[in-house]
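# 3D model of this:
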Amino acid sequence: MYYYISIIITILIFILIQLNEYKNSKLKHKRYTLFNLTNFALLFFIYILSTIILFLICENKDYTNVIKNPVINKKIEIDKNLLRKIPDSIYTGFTPYAEE
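Numbers count the residues shown, from 1 in each chain. Here you go, the predicted structure:
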């Protein structure tokens, strides 16, 4: 959704900048060209900035509900047989408990 809004904002800002450039070129009696590399780069830059800004505004969600009500299982049982089947060597400074 914010992509469409960012395209509209980009086009509006680009039109305002180009109208200002057109007025300045008329006052200085210079030739005005709309289609050039700097205008395409400016349009792309404005689009990227507006998309990032709108993404940060639109996708700001509140994650406090996850923190307030965590589901904690107090009875955690570790399957020791599953740990014995791991083929990789574990170099963490301790040896897993081995029942005999």
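# helices or strands up against the longest helix seen in the chain?
Criterion DSSP state H: the longest helix present in the chain is helix 2-27. Contacts defined by 3 or more CB pairs under 8 Å, 6 or more residues apart in numbering; DSSP states H and E place helix 2-27 against helix 37-58. C-betas here are computed from N, CA, C, even on glycine.
# quick check: angle from the helix it packs on to helix 2-27?
Between helix 37-58 and helix 2-27, the angle comes out at 140 degrees (axes from the mean of the first three to the mean of the last three CA atoms, to 10 degrees).
# which elements pack onto helix 37-58?
Short answer (3+ CB pairs under 8 Å, 6+ apart): helix 37-58 packs on helix 2-27.
# tell me which residues in the helix it packs on are buried?
2, 6, 9, 10, 13, 21 (16 or more other CB atoms under 10 Å).
# now the fourth one. Nearest residue, chain neighbours left out?
Closest residue to residue 10 in three dimensions, ignoring its sequence neighbours and counting by CB to CB, 6 or more residues apart in numbering: residue 47, at 4.4 Å.
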